[in-house]
Every structure is written in structure tokens, then in C-alpha cells.
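Engineer: Just need the structure, nothing else, for what follows:
(one chain, ligands or ions: 1)
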Amino acid sequence: MYQIVEEAAEKIRTMEVRGAARIAKFAAETLKKFAEAVESNFDENMNKAAEILLNTRPTAVSLYNAINYVMRYEGENDAEKRENAVKRAEEFIRWVETAHERIGKIGARRIRKNSVVMTHCNSSAALAVIKEAFREGRVAEVFATESRPRLQGHLTVRELSNAGIPATLIVDSAVRYFIEDVDYVVVGADTITANGALINKIGTSQIALAAKEARVPFMVAAETYKFSPKTLFGELVVIEERDASEVAPPEILSLKGVRVRNPAFDATPREYIDVIITEIGAIPPEMAYLVIKERLGYAVFEEGELKISPKHFD
Ligand SMILES: O=P(O)(O)OC[C@H]1O[C@H](OP(=O)(O)O)[C@H](O)[C@@H]1O
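Structural biologist: Below is the predicted model:
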């Protein structure tokens, strides 16, 4: 029974399944399958499964929000709890599936005709905006960064090519070189904190700096389940540091006195962000607190532990 969960966790850890939205949806799908398979001790088994999924990648709060949403199931007995958990998992999956279309439409409106857009990594939310803007004649060309070390930029240019959108792939260090040719930066999010900071793929904050200097608007596309309720209570976002072997070959890793570091994400303060495009509207980063409160539900401390009861609006 735990095989479903262990295998899913491994796929998230190794990034076979990646991207903040995809891992969240995948976790909800996995919990749904697991709930359907649990025969007894529903609470105990579900808690264990949730824990295994949670301990895969620490940074994207979408994973936490997905698991938390499903785990707030209710019921008098195991059968009722199962039914409710499955229902909640399906609700969360629908939330993921419907958000992009709205984000695409809202985000596209912010982009003027024939613009050049720069994006980083591979974000399904940012691509939703770019693709819709292209359909409306607003995007003419896209600069996509390579996004070392995992090269998600290759996925992005492949996707752009499939959509017929002219794309230029650049190395991450060429961002400032090309920023003058760009009208907008559009990136995704792994987490938005209560104070409106963006946690996204390593290198995002450097792009934000270059964009600010060149007065290029910096837009973030983020579904509301990327907002972090935990940060409202002072918890800091854990930045995942991945294995050094993703960055350098063995002959470098074995050099005496040399350390190789591989943080996967960085933080961009809200001052660098013009707007966050969510499925409920284009909001300033200063409004993150309200999104967390209104959209993700209330949070309370119970026996010293933070408990969050997510709500969902259609
Ligand atoms: O949810 P969507 O918009 O698809 O992606 C959001 C973010 O998730 C990715 O992380 P990783 O590649 O899983 O480390 C990137 O940082 C990307 O910007």
C-alpha cells in the first residue's frame, strides 16, 4: 500500500515530477489513490503518507498546501473520512487545473502588443500568460534562460516551439546583456511569503535586479495555493540545497579546499515585483497577506502547533 506513496515521493525528490503546480497536483492525486487503498486505521495511515510526501522537497509551499488541503478531511468513521479525503483531493486537483486559464487571461492583459518577454526556468503559470499573450498578438518573442543546473530552460523552449512562439535560449549569466531588448519579465513562483516576497528558481532575484535597473516590469504568475500561510506566523521558507553533483563533475568535487554549493531557489523582495498574477486577479505583492487570509483560510495555534484550515473558492 505504501508503495504508491514511496514511489511518488521518489519521483518528486529526483524531479522526475517537478514544477510547483505539478508536484502539488501529483501529491493530491497520490493521496487520493492512497486513501482509496487504505483498509484500516485511516488517520494513522494517511498521516504517515502525508509525512512521506511532505519530506521530499521543502521549498514549494504548493506541496504543503495540497497535502494540508486533503488532510483536513472529516468524517465519523473510516468510510466517511475516505470519501471526504477523496473529495478534497479532487477539489484541489480541480483548483490546479482551472487556475492557469484565468492566470493566462489576466496576465496577458498586462502585456502590450508585440512585446518581448523574458522568462526563467520552466513555469507552467508563466507559460500560461505567455501563450495567451502570444495568441492575442501581445507577445512576439521570448527569451528563455537555460536555468542551470537542471536546464529547465530546455523544457521551456521546447514548449514555446511547440506553441509556435519564437524563442531565444540564453545562459543565465546573459540576462543583463539582453535585458535592454526585453519589455517584460514573466516568471513563476514556488512560494509567495506573507510579506510579498517571491521564492523561485535560483537566479530569479538576479533577473529582478537587472529588470529594475533597466525599468523592465517584473511580473510573477502564481496560483493562490503558492502563497504560504506558514510565513504569516513567522516561519521562514526553507531553501532546498540539492546535491553538489548536479553542479560539478567528480574531479572538481574532489578538489581539496573547494566546496560546491547548489541552492535551488532564491528570494526576490517585493520591491522588485510589479504585480502578481493569480487566478483571482492581478494583485500587488503587498496584498499577499490578504490572499493568505481570505483564500487559504485561517490559521491557529493549537498546543503550540500551527494548524491551518484551508478554504477553497471556485
Ligand atoms: O508551478 P509552475 O508555475 O509550473 O512552476 C513554478 C516553479 O517551480 C519550478 O521549480 P522546480 O523546477 O520544481 O525546482 C521553478 O522554480 C518554477 O518557476
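Engineer: quick check, residue 199 in a strand?
Structural biologist: Yes. Assignment of residue 199 by DSSP: H, G, I helix; E, B strand; the rest coil places it within a strand.
Engineer: who are the neighbours in contact with it?
Structural biologist: 59, 189-193, 237, 239, 265-268 (CB atoms under 8 Å, 6 or more residues apart in numbering). Yep, even glycine has a C-beta here, placed from its N, CA and C like the rest.
Engineer: Pick the one among the residues you listed closest to the ligand.
Structural biologist: Using CB to the nearest ligand atom, residue 190 is the member of the contacts of residue 199 that lies nearest the ligand, at 4.9 Å.
Engineer: Keep only the contacts of residue 199 that also lie close to the ligand.
Structural biologist: Restricting the contacts of residue 199 to those adjacent to the ligand (criterion: CB under 6 Å from any ligand atom) gives 189-190.
Engineer: need the contacts of residue 199 in JSON lines with neighbour count, can you?
Structural biologist: JSON lines is the format used below for the contacts of residue 199 (neighbours: other CB atoms under 10 Å):
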{"residue": "59", "neighbour count": "21"}
{"residue": "189", "neighbour count": "29"}
{"residue": "190", "neighbour count": "29"}
{"residue": "191", "neighbour count": "27"}
{"residue": "192", "neighbour count": "30"}
{"residue": "193", "neighbour count": "24"}
{"residue": "237", "neighbour count": "20"}
{"residue": "239", "neighbour count": "16"}
{"residue": "265", "neighbour count": "25"}
{"residue": "266", "neighbour count": "16"}
{"residue": "267", "neighbour count": "16"}
{"residue": "268", "neighbour count": "25"}
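Engineer: which residue does the stretch 201-314 of the chain bring closest to the ligand?
Structural biologist: residue 201 (3.4 Å).
Engineer: what about that residue, neighbour count?
Structural biologist: Counted with other CB atoms under 10 Å, the neighbours of residue 201 add up to 27.
Engineer: same thing with the one 10 residues further on?
Structural biologist: By the measure other CB under 10 Å, the count of residues near residue 211 is 25.
Engineer: pretty sure it is touching residue 218, no?
Structural biologist: Yes. Using CB atoms under 8 Å, residue 211 is in contact with residue 218, at 4.6 Å.
Engineer: picking that back up, doesn't residue 189 make contact with the residue of the stretch 201-314 of the chain closest to the ligand?
Structural biologist: No. The pair residue 201 / residue 189 is not scored as a contact, 9.6 Å apart, by CB under 8 Å.
Engineer: all strands of the stretch 151-300 of the chain, in order?
Structural biologist: Using DSSP state E, counting those that start in this stretch, the strands of the stretch 151-300 of the chain run over 167-170, 184-187, 191-192, 198-201, 218-221, 265-268, 275-278, 281-283, 298-302.
Engineer: and the ones you listed, which one is worst for confidence?
Structural biologist: Among those, strand 298-302 carries the lowest mean pLDDT, a mean of 50.
Engineer: Which residues of the chain lie near the ligand?
Structural biologist: Contact residues, the chain versus the ligand (CB under 6 Å from any ligand atom): 18-21, 121, 123-125, 152, 187-190, 200-201, 264.
Engineer: out of those residues, who has the most neighbours?
Structural biologist: residue 200 (31 neighbours).
Engineer: So, low pLDDT: which residues of the stretch 51-200 of the chain?
Structural biologist: Within the stretch 51-200 of the chain, no range satisfies pLDDT under 70.
Engineer: What residues does the closest residue to the residue of the stretch 201-314 of the chain closest to the ligand other than its chain neighbours make contact with?
Structural biologist: Spatial nearest neighbour of residue 201, chain neighbours left out: residue 121 (3.8 Å); criterion: CB to CB, 6 or more residues apart in numbering. Counting by CB under 8 Å, 6+ apart, residue 121 makes contact with 145, 147, 152-153, 156, 187-188, 200-201, 203-204.
Engineer: Reformat those as TSV; add distance to residue 63.
Structural biologist: Formatted as TSV, the contacts of residue 121 follow (distance: CB to CB, whole Å):
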residue	distance to residue 63
145	24
147	20
152	17
153	23
156	21
187	19
188	14
200	15
201	15
203	21
204	19
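Engineer: Out of these, flag the one nearest to residue 102.
Structural biologist: Checking these against residue 102 with CB to CB, the nearest one is residue 188 at 15.1 Å.
Engineer: from memory that closest one sits against residue 220, does it?
Structural biologist: Yes. Assessed by CB under 8 Å, residue 188 is found in contact with residue 220 at 7.3 Å.
Engineer: Quickly list what's touching both of the two.
Structural biologist: Jointly contacting residue 188 and residue 220 under the rule CB under 8 Å, 6+ apart are residue 200.
Engineer: picking up where we left off before, which residues do residue 211 and residue 218 both contact?
Structural biologist: Joint contacts of residue 211 and residue 218 (CB under 8 Å, 6+ apart) are 185, 272.
Engineer: For the top strand by length along the chain, which outside residues touch it?
Structural biologist: Assignment by DSSP state E gives strand 139-145 as the longest strand of the chain. The contact list for strand 139-145 (CB under 8 Å, 6+ apart) reads 111, 114-121, 130, 133, 153, 156-157, 160, 165-172, 174-175, 178, 181-182, 203, 207.
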